[in-house]
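Student: Here you go, sequence then predicted model.
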Amino acid sequence: MRFSRELFYAAPPEDVFAMLADPAYREAVGAAQGVVSLEVSSTPTGSGRTVVVDSVQRTAGLPAIATKVTGETSRAIVREEWTDPTSATVRVESPGKPARAAGTISLAADDAGSRYTVALDLEVKVPLLGTKLEKIMADTVSAGLDAEHAVGVAWLEGDR
């Protein structure tokens, strides 16, 4: 399933990229999302950066069809490979689960700030239920981006 979402930040791309590369920001996002555990690394790579966020989330609130596959918690390892401060590839792995996502992130200047765009291919390999589970996954990713955006807006306004 194809998923795409665009967010806007009232700050220049270099400030948004610095925020995205800051482990403290990623930890604040995890706290806002109520994760059970979180490990973050952010490593310079040439003119870009590799950011890895390894988290465990509770699955309470997901439909029963999803919790049968995920259990009470689900681990997600998000790996962003930023080739430069404007573009990245992203992979999301869920060890031991039949779900994955891969795609791109772009960061572009906009009239009054920055446009942050995520485009993903979501895949859940479960016979007969995969499409329904991909829709649930898309809703979960969208809710996660909402939380990330709220933290990001506050972060860029100085609330750290």
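Tutor: Right, received. Where do you want to start? Quantities reported herein were computed from a predicted structural model and do not represent experimental measurements.
Student: Who are the packing partners of the lowest-mean-pLDDT helix or strand in the chain?
Tutor: Using mean pLDDT, DSSP states H and E, helix 64-70 stands out as the lowest-scoring helix or strand of the chain, at a mean of 72. Contacting helix 64-70 under the criterion 3 or more Cβ pairs under 8 Å, 6 or more residues apart in numbering; DSSP states H and E are the following elements: helix 130-156. Any C-beta I mention is one placed from the backbone N, CA and C, and that applies to glycine too.
Student: Just the buried residues of the helix it packs on, please?
Tutor: By neighbour count on 16 or more other Cβ atoms under 10 Å, the buried set for helix 130-156 is 130, 133-138, 140-141, 144-145, 147-149, 151-152, 155-156.
Student: if we can go back for a sec, just checking, next helix/strand downstream of the least confident helix or strand of the chain?
Tutor: Once the chain leaves helix 64-70, the next helix or strand it forms, by DSSP states H and E, is strand 73-84.
Student: tell me which residues of the helix or strand V52 falls within are tucked away?
Tutor: Taking DSSP H and E as the definition, V52 sits inside strand 48-58. Neighbour counts over strand 48-58 (16+ other Cβ under 10 Å) mark G48, R49, V51, V52, V53, D54, S55, Q57 as buried.
Student: Could you do stretch 64-74 as well?
Tutor: When neighbours are counted by 16+ other Cβ under 10 Å, the buried residues of stretch 64-74 are found to be A66, V69, T70, S74.
Student: Report the separation between the residue sitting furthest away from the middle of the chain and I65.
Tutor: Computed with Cα atoms, centre = their mean, the maximum C-alpha offset from the centroid of the chain is found at L128, amounting to 26.6 Å. Separation of L128 from I65 (Cβ to Cβ, to the nearest Å) stands at 11 Å.
Student: and E27, what does it touch?
Tutor: L38, V40 (Cβ atoms under 8 Å, 6 or more residues apart in numbering).
Student: SS state for it?
Tutor: Under DSSP: H, G, I helix; E, B strand; the rest coil, the three-state class of E27 is helix.
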